[in-house]
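Engineer: heads up, no residue letters with this:
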């Protein structure tokens, strides 16, 4: 009877702290899972943002390329529709929202060269040396387009560089030690 009372008293004394410990561990587990889920969602959102930026940049690149093809092939035709040009100019103006300043400066120079060729076409100078020079300048721009946009359009931007295994482990341990009061105290005292 005495043994049963002492066992009961020991179990009774440790039942509350044990239940608290298990509740804290389960809460820690769920909080950690939620943190990991939030981190994954943030990574996914960032990757989606990078992909959308890549799509917009590639659309602008393709539009500029098709505009140069249009000017080089059809600018001296009599049935050349100048209203088609406006759409391309709008896309070139939108490029400043998606590209860094060096590419924007290049696009402005390209736009000015296109305007000068169109002005010569309107003045009916398709056989003049200036017209030939302007057309060869646009052909040069068309050749240089892939190398100019290569840095901004490479696929490396679609995926972020992931830190190595040891760096991630260190970050997790640091987070765990920082946000657990007991471990933080032990860590500071060592």
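Structural biologist: Great, that's in hand. Worth saying up front: this structure is predicted, and the values here are computed from it rather than measured.

Engineer: which ones are touching residue 167?
Structural biologist: If a contact means Cβ atoms under 8 Å, 6 or more residues apart in numbering, then residue 167 has no contacts. Where C-beta positions appear, they are placed from N, C-alpha and C, glycine not excepted.

Engineer: low-confidence ranges, this protein, go.
Structural biologist: 1-5, 78-80, 124-126, 155-165, 175-190 (pLDDT under 70).

Engineer: break this protein into its domains for me.
Structural biologist: Using automatic domain parsing, the domain ranges for the chain come out as 52-156, 160-190.

Engineer: which residue is nearest the centroid of the chain?
Structural biologist: Nearest to the mean C-alpha position of the chain, by Cα atoms, centre = their mean, lies residue 50 at 2.2 Å.

Engineer: over to that residue: give its phi and psi.
Structural biologist: For residue 50, the backbone dihedrals (degrees, to the nearest 10) come out as phi -60, psi -40.

Engineer: so residue 92: helix, strand or coil?
Structural biologist: helix (DSSP: H, G, I helix; E, B strand; the rest coil).

Engineer: that one against residue 64, yeah?
Structural biologist: Yes - Residue 92 is within contact range of residue 64, at 6.6 Å (criterion: Cβ atoms under 8 Å).

Engineer: neighbour count for those two, which is higher?
Structural biologist: Neighbour totals were compared for residue 92 and residue 64, and residue 64 leads with 24 against 19 (other Cβ atoms under 10 Å).

Engineer: circling back: joint contacts of residue 92 and residue 64?
Structural biologist: Residues touching both residue 92 and residue 64 by Cβ under 8 Å, 6+ apart: 107, 110.

Engineer: what's the neighbour count on residue 28?
Structural biologist: Neighbour count for residue 28, taken as other Cβ under 10 Å: 13.

Engineer: residue 61 too?
Structural biologist: The burial count for residue 61: 20, using other Cβ under 10 Å.

Engineer: can you check residue 121 too?
Structural biologist: For residue 121, the count of nearby residues is 20 (other Cβ under 10 Å).

Engineer: could you give the backbone dihedrals for the nearest residue to it once chain neighbours are set aside?
Structural biologist: The shortest distance from residue 121 to any non-neighbouring residue, by Cβ to Cβ, 6 or more residues apart in numbering, is to residue 75 (5.0 Å). Note on residue 75: its backbone torsions stand at phi -70, psi -30 [degrees, to the nearest 10].
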